[in-house]
Structure formats: C-alpha cells, structure tokens
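Asks: Build me a model from this:
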Amino acid sequence: MAIKYFKLLDMLQRKGLSKGDFAKITGFSSATIAKLSTHKPVNMEIIDRVCHEMECQPGDILEYVPDNDQ
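Replies: Numbers count the residues shown, from 1 in each chain. Next comes the predicted model:
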C-alpha cells in the first residue's frame, strides 16, 4: 500500500498523545488504531473522523509513498 500515515503518527507524538489517548479521542477500536499504525487501508470515514477530531486536513495525516515494486 502506498498510502502511509507517518504524518499522523508524528502529529500524535508532537501533541504528546499515546495511541490509547488517540483511541479515546476518536472512539476508534484497537483494530483501527493498529491499521493506522501499520499503514493498512482504512475507509474514508476513518480519515474524516481523524480530521474532525484533530482539526486537520487529510494531507496533514497521510502521504503517498510509491511502492518500489510498481
């Protein structure tokens, strides 16, 4: 998958939020947090909720990183 959530993980660190804190803020399950942490695909509703709760834009939390095998 070429979409990475490094920016989101960096944002959480800058704000001093743990993954547990983030889960409480967003209401996400541990499975959703794990998907984001490991750069797995999530649906747009997840991205929407992150942007709403963190008061940011999608480009603030994700980026396109081309796969080497493409």
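
Asks: So which residues of the protein form strands?
Replies: Assigned strands in the chain, in chain order: 3-4, 63-64 (criterion: DSSP state E).

Asks: Partner strands of the last one, with direction?
Replies: If I follow you right, that is strand 63-64. Strands flanking strand 63-64 in the sheet, each with its direction: strand 3-4 (antiparallel) (DSSP bridges).

Asks: Can you give the contact residues for the partner strand?
Replies: Contacts of strand 3-4 from elsewhere in the structure, counted by Cβ atoms under 8 Å, 6 or more residues apart in numbering, are H39, P41, L62, E63, Y64, V65. Where C-beta positions appear, they are placed from N, C-alpha and C, glycine not excepted.

Asks: And for stretch 31-40?
Replies: The contact list for stretch 31-40, computed with Cβ under 8 Å, 6+ apart, reads 1, 3-6, 8-9, 19, 22-23, 28, 41-42, 46, 50.

Asks: Could you tell me which helix of the chain is the longest one?
Replies: Of all the segments assigned as helix in the chain under DSSP state H, the longest by residue count is helix 44-54.
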